[in-house]
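Q: sequence-free structure coming up:
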């Protein structure tokens, strides 16, 4: 009954994806004045999750020290944004757009933590612990 708790894996994947996205956004904002810097973006979570579930049914290692299984090879892909509107110094970062993306990444991270917390509460209630 408790062997396959995919909800936890999905919540953790969403939190990792949001963290990666937040790091890329922070890097973009930090380089907002760097000449010829091109903004980067992370692929959406649906694409990331689809790559992670392609190996469904295969044993997975959650730590490098585990003997059997493999760690998930799915990593969020970071792409360069090729936009037509650049500043005079060739920089392609819009701080306003990056701030909107940062809020969205925080919302996704909060959503992942809420799902994880709710699922953990349900699991605790089902085994008789509060």
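A: Arrived safely, thanks for sending. Here the structure is a predicted model, which means the values were calculated and not measured. Numbering: from 1, shown residues only.

Q: measure residue 7 to residue 125 for me?
A: 15 Å (Cβ to Cβ, to the nearest Å). Every C-beta, even on glycine, is put in place using the N, C-alpha and C of the backbone.

Q: these two: which is more packed in?
A: residue 7 (15 against 10; other Cβ atoms under 10 Å).

Q: list the contacts of that one.
A: Applying Cβ atoms under 8 Å, 6 or more residues apart in numbering, we find residue 7 in contact with 115, 119.

Q: and it, what element?
A: helix 6-30 (DSSP states H and E).

Q: roughly how far out does that helix sit from the chain middle?
A: Chain-centre distance of helix 6-30: 3 Å, with Cα atoms, centre = their mean, to the nearest Å.

Q: now do stretch 20-37
A: 17 Å.

Q: quick one: mean pLDDT for the longest helix along the chain?
A: The helix that spans the most residues within the chain, counting by DSSP state H, is helix 95-126. Taken as a whole, helix 95-126 carries a mean pLDDT of 93.

Q: other SSEs contacting it?
A: helix 6-30 (3 or more Cβ pairs under 8 Å, 6 or more residues apart in numbering; DSSP states H and E).
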